[in-house]
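# What follows is a protein structure lacking sequence information:
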């Protein structure tokens, strides 16, 4: 951040900038965060400094060491808000909810750096959309989960995390999250985008893992792959159904109408770094299942050749499990004959991983 100092307005005997943050609910009870020496100058300057790393309201005080005693020149309060790399508010990767569905908001204001008399969530329609504003207390600044009911009216909404500290100044915005209320069905995290900001090219997830929002690894292991490794069909991530072993992944779809037919669409490709050339997977939901194949001949990480497929099923209950399973089998392994004539199975692996069928951009209607 840039700090401009007008030295023509006062006589400089040595200037320093003091940055403070509130340490309790009191009006004037602050603690020093940093002190930056500016020095003596005969002309106006602009100094580049690092903004404080924690979301909070900070008080900047500019002092002049006049005759050995600091004299306050000016003070200002500045809000530092959360960034996308360290969100103070998120919904676990969800950005769409059914009317009246319970929303879990994760509020991550750190106790040692962020003190407030009572933060609040403000849920309000975007633009001139329908619906009314909800005000939800969060309480004192502790990491916690807050649950509230999604609006019953379809439309786009925004949730503001507001600091309502008891200072002289107006409450300020710490963070925001947009979401949509949809009456129609949807797949949670259908493009596997959440959680974001994963630095590795791929991450292997094992049976029972639920860290990819909305999805559960049903068996074996799967790889969640970034587009720096293989281009995604939608967004920045896709899933290889063969991790370090043959795997499957599923999501339980709720709110179905018994007896109604539904269509699942998804994009399919294959890991091009090894055999078999033709990848196979099976999709299942309700009492229906279907096999799909993809030929990786001539494909590469930058030219995956994603193909859209459709799968239909009839709902047998209000909740059905949609599962994608790799069909890599014993037949898709290399075999080596030893001198004694004993056949030894050698899995097709690279750095411990198989080369499996890949999926992305899953949706339902």
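The structure has been received and is ready for your questions. Everything quoted here is computed from the prediction, not taken from an experiment.
# Domains of the chain: list them as residue ranges, please.
Domain assignment for the chain by automatic domain parsing gives 2-79, 89-181, 202-364.
# Can you pull the phi/psi pair for residue 248?
As for residue 248, its main-chain torsions (degrees, to the nearest 10) stand at phi -150, psi 160.
# just to revisit the earlier point, show me the one of the domains of the chain that comes nearest residue 194.
Smallest distance to residue 194 across the domains of the chain (CB to CB): 2.5 Å, for domain 89-181. All C-beta atoms are positioned from the backbone trio N, CA, C, and that covers glycine.
# pLDDT (mean, whole number) over that closest one?
Average pLDDT, domain 89-181: 71.
# can you check stretch 215-234 too?
Stretch 215-234 comes out at a mean pLDDT of 91.
# coming back round to it: in a markdown table, list the domains of the chain along with distance to residue 189.
Output for these, formatted as a markdown table (distance: least, CB to CB, whole Å):
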| stretch | distance to residue 189 |
| --- | --- |
| domain 2-79 | 26 |
| domain 89-181 | 5 |
| domain 202-364 | 4 |
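# so can I have a markdown table of the ones you listed showing distance to residue 195 and mean neighbour count?
Listed next are these as a markdown table, based on distance: least, CB to CB, whole Å; neighbours: other CB atoms under 10 Å:
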| stretch | distance to residue 195 | mean neighbour count |
| --- | --- | --- |
| domain 2-79 | 19 | 14 |
| domain 89-181 | 6 | 16 |
| domain 202-364 | 6 | 18 |
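# and of those, who's closest to residue 191?
domain 202-364 (4.3 Å).
# how far does that closest one sit from the chain's center?
22 Å (CA atoms, centre = their mean, to the nearest Å).
# Endpoint to endpoint, that domain covers what distance?
26 Å (CA to CA, to the nearest Å).
# and of the domains of the chain, who's closest to residue 187?
Comparing those by CB to CB, domain 202-364 comes nearest, at 4.9 Å.
# list the contacts for the closest residue to residue 272 other than its chain neighbours?
Distance criterion CB to CB, 6 or more residues apart in numbering; nearest residue to residue 272, sequence neighbours excluded, is residue 299 at 4.2 Å. By CB atoms under 8 Å, 6 or more residues apart in numbering, the contact list for residue 299 reads 269, 270, 272, 305.
# quick one: average pLDDT of stretch 247-257?
pLDDT averaged over stretch 247-257 gives 88.
# Quick one: residues contacting the closest residue to residue 256 other than its chain neighbours.
Closest residue to residue 256 apart from its sequence neighbours, by CB to CB, 6+ apart: residue 315 at 3.9 Å. By CB under 8 Å, 6+ apart, the residues touching residue 315 are 256, 257, 258, 259, 260, 261, 262, 286.
# gap between residue 283 and residue 269?
Separation of residue 283 from residue 269 (CB to CB, to the nearest Å) stands at 15 Å.
# Name the secondary structure element that contains residue 292.
Using DSSP states H and E, the element containing residue 292 is strand 288-295.
# list the helices and strands that strand packs on?
strand 261-270, strand 278-285, strand 307-314 (3 or more CB pairs under 8 Å, 6 or more residues apart in numbering; DSSP states H and E).
# Span of stretch 188-204 from start to end?
Stretch 188-204: ends 20 Å apart by CA to CA.
# Identify all contacting residues around that stretch.
84-85, 92-94, 96, 211-215, 221-226, 228-229, 232-240, 243-244, 251, 353, 360-363.
# how does it look with 6 Å?
By CB atoms under 6 Å, 6 or more residues apart in numbering, the surrounding residues in contact with stretch 188-204 are 85, 93, 212-214, 221, 223-226, 228-229, 234-235, 237, 239, 243-244, 360-363.
# before we move on, what about stretch 218-228?
192, 201-207, 212, 236-241, 243-250, 323.
# ditto for stretch 301-313
Residues contacting stretch 301-313 (CB under 6 Å, 6+ apart): 230-231, 233, 261, 263-269, 283, 285-286, 288, 290, 292, 299.
# Kindly recompute the last result at 8 Å.
Residues from elsewhere that reach stretch 301-313, judged by CB under 8 Å, 6+ apart: 229-231, 233, 261-269, 272-273, 283, 285-288, 290, 292, 294, 299, 320, 358, 360-361.
# Then stretch 229-239?
191-193, 196, 198, 201-202, 212, 222-227, 249, 267, 269, 271-272, 301-304, 306, 324, 358-361.
# Test my guess that residue 122 contacts residue 138.
No: contact criterion CB atoms under 8 Å: residue 122 and residue 138 do not qualify, at 10.7 Å.
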